[in-house]
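J.: what follows is a protein structure lacking sequence information:
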């Protein structure tokens, strides 16, 4: 019997032509990374506020990524809409954090050996450290 292997997809780096990466004028960046202060404003006070906001976002992103790392290969309980709770062994998530890959998913109607859980369906999740 073959041994299952978890798949970890690493993000692609920015392309030289600028179609992928951190272009602040791209529609994706504007939609997903909107700041409360325009980056075009040259005021020193706004620049300080932008710096504080970026530091806060950086700290939140780092803590979320550390949380994902600590969840690897652990039993996680997902709290979903309609008061549904499912439990599974966490495997990985995709680069955009749109899906969680899980194993041994225990649902109210049965057990699924391997599954993807859409992140937009998850309200919260819990796990033991």
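T.: Now that the structure is in, tell me what you want to look at. Quick caveat: nothing in here was measured; it's all calculated off a predicted structure. Residues are numbered from 1 along each chain as shown.

J.: dump the residue contacts of the residue most central in space within the chain.
T.: Computing the C-alpha centroid of the chain and ranking residues by CA atoms, centre = their mean puts residue 97 first, at 3.2 Å. Contact analysis of residue 97 by CB atoms under 8 Å, 6 or more residues apart in numbering lists residue 119. Yep, even glycine has a C-beta here, placed from its N, CA and C like the rest.

J.: going forward, count from 52.
T.: Happy to do that; since the first residue is 52 now, the last one works out to residue 148.

J.: A strand includes it, no?
T.: No - Residue 148 is assigned coil when assessed by DSSP: H, G, I helix; E, B strand; the rest coil, not a strand.

J.: can you list the strands that the helix or strand hosting residue 156 pairs with?
T.: Here residue 156 sits within strand 150-158, counting by DSSP states H and E. Neighbouring strands of strand 150-158 in its sheet, by DSSP bridges, are strand 135-144 (antiparallel), strand 161-169 (antiparallel).

J.: thinking again about what came up before, what's the residue nearest to the centre of the chain sitting at in phi/psi?
T.: phi 50, psi 50 (degrees, to the nearest 10).

J.: buried sites along the strand holding residue 156?
T.: In terms of neighbour count (16 or more other CB atoms under 10 Å), strand 150-158 has its buried residues at 150, 151, 152, 153, 156.
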